[in-house]
Structure formats: structure tokens, C-alpha cells
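Asks: Okay, predicted coordinates and the sequence, questions at the end:
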Amino acid sequence: MTEPGSVMRQSNAPAGRLSSHEPANLGDILERVLDRGIVIAGDIRVNLLDIELLTIKLRLIIASVDTAREMGIDWWEHDPWLKGQDQELREENRRLRRRLAAAEEGAALPRGPTAEVEYVDEPTAEVDEHDG
Amino acid sequence: MMDNAGTYLYAVTRDEGSALPEGLKGVAGEGVRAITHAGLVAYVSTVPLDRFGEEPLRRSMEDLDWLGETARAHHRVVEAVARTTPTAPVRLVTVYSGEDQIRELLDRRHDDFAETLGRIADRQEWGVKAYVDPAAPPPAETGEESASSPGLAYLKKRQASLRSREESWRQAAASGEHIHDVLKSVAVASQRHRPQDPQLSGRAEWMILNGAYLVDLDRGAEFARVVDGLRGEGIDVELTGPWAPYSFAAFAETPERQGGGTGDDT
């Protein structure tokens, strides 16, 4: 265990505006710049916010989720904002599954009639990355 | 502006006439400049779209070295600006076609920025992570090796260790709640984030709290003291910051987004 104090970036110095610093930990920085801060939708030229960042984010945090849930730390599952983001994931997931199903079908029945598999709303458990 | 260049936005502040930090470099090593418009200042730099366009980014975002470097550069700019004036950080890789678009943004979202900046002025974000070492309280095995068979002894031991693990979890979660509650009382707003993976935190212990707290400038020292007081008994509490208010700068957009950055549980 680290000795207390060694991890503090600013001790009891009177708080000037952002007056510390040893460089912050990369994990903390990533968490903040990827997951927080103002999101401006609409007119940006590059919009990776919806899917790519979310994927990375999930990859970064994923392994901790099960442990956390076992510990009873699962408040985010009731967080409407995160839920909203899950919605996008779910959408993406659904699309991919549809494509996969179509591809598999295509492989199995090279010339069969294309009955596209519809995945209707399954309320939960679509975001399998979460539920392990 | 050239067709193959974009304008990367880092942060927005009020126009208070503060000077742009000298020689500040942003992502891709480009110099940062300020666009002042409508009483606000946007901090931007030019980025090549062959690296910051949507397609190239799809690939490079997967490259953790590149991502780390870019994140640090973004953060460096946000911090440099935040050191001089209340700052609303913008999320990583927000790229516009050009300066005109940024001016248009400052016009259109003027009130949102003003509201956000008002909320975070004279306040700082502190990060607090609390860890429990699962190995710390060893189950009270008082050398009872007298079980009738080695197999039974093993099973008993295993059972006891499972029980104690469960109990440890419960206690750990409760400690996390407690620490958060105490810190909330010193903060203006607070947010719990998901616990980080050990790979991200760099620590093997259980992270029982990953919180962000928006604290009045003049209560920073008090907050640090409260954090100090929460350590002990197999619990380590880590304080980071002060940060630019990343966790509290989101616009209060649509109702369902409100929890995102406005201190949902305060």
C-alpha cells in the first residue's frame, strides 16, 4: 500500500486556482477527456463521440464492472445519463447483430430468400459487454 | 482555411482579457490560439485532417500510445487555460471545419457557456478515489488444523474465506458510500464515476469510490483535510487535483442529459 500523502498532488496549501502539479496520472486524464467535458453535437466536422469513444471507454473500465457489481457498487446502472449512452450502444449492438445474422445466413444458405432477422427491443441484456 | 485542415477546440472561457499562455502547444504539436467572440474565448489549434479526420481517427483512437499522447496534450491546454480563468473543458477530439464555425458556436451556445462558466467560477474539481485492500483484514483463522480430514479442512477454510470475502465486499461498498457522503457535504456538487479498472488505476486494490467534487476555492484546504481524515483501517484515499471542472462543465441540455455533469446527486 502506498503511504498516505504520497499520492496527494496538492497538500494543504491554500487553493490558488489550479496551482499544483506533478503530472497527473494518464488514467485519470483519459477518463476526464474522454468521458467528461462539454460535448457539442451537431456541427462538428469530426464526430467520434457516439461510438468510438464509448467503445474505448468501455474497454478501459469493463474489467472492473463485475467486481464492482459484486460489491454492490452499481449505481450507474440507474443513472439516466449513462442509460442514454447505453441506448446508443444498444443500437449499435443491434445493428451489428443484424448484420452478423445476415452474413451467417448468407454463408449458410448462399441463395436463400433474405429473411432479415429482426431483433426487436429486448429491454435489457443487449449490452453484453456490461453484463459479462 | 485550407481544405485539409480542421480547427480543434479545447476549451471555452469568458473574455476577461487574460493573456494566452506563451508558447502553448496543443495536439499534434500545433500552437494554440484564442478566438475571442461574443464575450467568450475559444481556445483552438489547427489540425491536419489527414490525422484528425473521422477515418484516420477511427484507427488512431485504437492506438493507446497515440491516444495517451493526444489526451495529455488536450489536458495540458485545458489546464494552462484553467490556471488563469474559469474554464469549460471541451471533450477530446472536437474538430470544426474552421474559425467561422467556432464563432458561430460561440454565438449560438452563448447562454449555455455563460451558465456553465458561472456555475464553475471560483470553484475547483477534486478527484477522490478510495481503495480497499482485499488482503488487508486476513480472515481470523486461529490455526484450527484439527479438522478430521484434510479435505474437510480445506472445504471449511474455503467456505470461511468465501463468506469473509462477501462480507469484505459489503463493508467495502458501505465505506465507499460513507466517504462519498462525507465529501459531498464539503462540496457544491459531486459526481460518482465508475470505479476504474486496476489497469487504469495502476493499483490492485478494490476501488470503492471514484468521485469528483466541485469545491469552492476557499474551501480547498478544508476539503483536503477531510480527505486526510478518511484514511485508515485498510482504506486508502487518494486525492487528485485540482482539476479543471471536467465533471461539472456539461451543458444542461435535454432533461435526460441533466445528470451528466451538473452534479446529479447533490
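Replies: Right, received. Where do you want to start? Residues are numbered from 1 along each chain as shown, chains lettered A, B, ... in the order given.

Asks: where does the chain dip in pLDDT?
Replies: Since no chain was named, I'll use chain A. Applying pLDDT under 70 to chain A flags the ranges A:1-23, A:41-95, A:97-98, A:101, A:103-132.

Asks: I was thinking of chain B, sorry if that wasn't clear
Replies: B:1-3, B:135-147, B:199, B:252-266.

Asks: So which residues of it form strands?
Replies: B:5-14, B:33-37, B:40-48, B:87-89, B:95-96, B:123-132, B:189-192, B:206-216, B:235-243 (DSSP state E).

Asks: Which elements pack onto the shortest one?
Replies: So the one you mean is strand B:95-96. Using 3 or more Cβ pairs under 8 Å, 6 or more residues apart in numbering or on different chains; DSSP states H and E, the elements in contact with strand B:95-96 are strand B:5-14. C-beta coordinates here come from the backbone N, C-alpha and C atoms, glycine included.

Asks: distance between the strand it packs on and the chain's centre?
Replies: On the basis of Cα atoms, centre = their mean, to the nearest Å, strand B:5-14 is displaced by 20 Å from the centre of the chain it belongs to.

Asks: same question, stretch B:223-235
Replies: 20 Å.

Asks: next one: stretch B:31-47
Replies: Counting by Cα atoms, centre = their mean, stretch B:31-47 comes out at 23 Å from the chain centroid.

Asks: Pull the residues that contact stretch B:61-78.
Replies: If you take Cβ atoms under 8 Å, 6 or more residues apart in numbering or on different chains as the criterion, stretch B:61-78 is touched by A:24, A:26, A:29-30, A:32-34, A:37, A:48, A:52-53, A:56, B:10-11, B:24-29, B:32, B:43, B:45, B:60, B:87, B:89, B:92-93, B:244, B:246.

Asks: List only those of those flagged as buried.
Replies: The neighbour-count criterion (16 or more other Cβ atoms under 10 Å in any protein chain shown) marks A:24, A:26, A:29-30, A:32-34, A:37, A:48, A:52-53, A:56, B:10-11, B:24, B:26-27, B:32, B:43, B:45, B:87, B:89, B:92-93, B:244, B:246 among the contacts of stretch B:61-78 as buried.

Asks: ok, residue B:30 to residue B:89 distance?
Replies: The span separating residue B:30 from residue B:89 equals 18 Å under the rule Cβ to Cβ, to the nearest Å.

Asks: if we can go back for a sec, can you put the strands of chain B in CSV and add distance to residue B:250?
Replies: Below are these laid out as CSV (distance: least, Cβ to Cβ, whole Å):
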stretch, distance to residue B:250
strand B:5-14, 13
strand B:33-37, 22
strand B:40-48, 17
strand B:87-89, 9
strand B:95-96, 19
strand B:123-132, 12
strand B:189-192, 10
strand B:206-216, 12
strand B:235-243, 14
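
Asks: just these: most buried one?
Replies: Among the strands of chain B, the stretch with the highest mean neighbour count (mean count of other Cβ atoms under 10 Å in any protein chain shown) is strand B:87-89, at a mean of 29.
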